[in-house]
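**Q** the following comprises the amino acid sequence and a computationally predicted model.
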Amino acid sequence: MNALGYLYAAIFFLGGCGFVLFGLFVADLLNNLFLRKRKDASKLITYESGETPIGSAWVQYPLAFYIFALLFVAFDVDIVFILSWAVIFHQLSWFGFIEIVFFIGVLAIGLVYAWRKGVIRWI
């Protein structure tokens, strides 16, 4: 990539940042002009789907939910690798097939490990 390509990338980056900052500025300006910022007790409560909140909004969730979410992200990213492998499968021949079998085997071991640890079952 030559210097002109970096210049174009910098221009687009700065243009995108400027577009975001301009949008935030206009939103704040319109908010200050047409909506007076009134902070009373009803504005400061937690709002969830029109329901009156009961108790505190600070609830601790079990760690298994976070681990389950991380497993989902990991397997979702792995699908991207498998699909890109499938596109060039004919060029890779047997070596590519052995690689993907090993890759899926490692994923299966991770899945079995998470299953044995009880992360995949819902509480």
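**A** Happy to help now that I have it.
**Q** so what's the residue count around residue 114?
**A** Residue 114 has 19 neighbours, counted by other CB atoms under 10 Å. Glycine gets a C-beta too; all of them are placed from N, C-alpha and C.
**Q** typed the wrong thing, it's residue 108
**A** Residue 108: 10 neighbours (other CB under 10 Å).
**Q** domain ranges for this structure?
**A** Using automatic domain parsing, the domains assigned to the chain come out as 1-59, 60-123.
**Q** for the longest helix along the chain, what is the average pLDDT?
**A** Counting by DSSP state H, the longest helix found in the chain is helix 3-34. Average pLDDT, helix 3-34: 91.
**Q** the chain should start at 22 in everything you say after this.
**A** New numbering, starting at 22: the last item is helix 24-55.
**Q** now it: how far from the chain's centre is it?
**A** The chain centre lies 23 Å from the centre of helix 24-55; the measure is CA atoms, centre = their mean, to the nearest Å.
**Q** about what we covered before: okay, the domains of the chain, which one's buried deepest?
**A** domain 81-144 (a mean of 11; mean count of other CB atoms under 10 Å).
**Q** just to be sure, residue 82 is in a helix?
**A** No - counting by DSSP: H, G, I helix; E, B strand; the rest coil, one finds residue 82 to be coil, located in no helix.
**Q** in the protein, what secondary structure element scores lowest on mean pLDDT?
**A** Least confident helix or strand, the chain: helix 62-65 with a mean of 68, by mean pLDDT, DSSP states H and E.
**Q** ok, then the element right after that helix?
**A** Using DSSP states H and E, the helix or strand that directly follows helix 62-65 along the chain is helix 84-108.
**Q** so after that next one, what's the next helix or strand?
**A** Next element after helix 84-108 (DSSP H and E): helix 110-137.
**Q** tell me the mean pLDDT over that following helix?
**A** 88.
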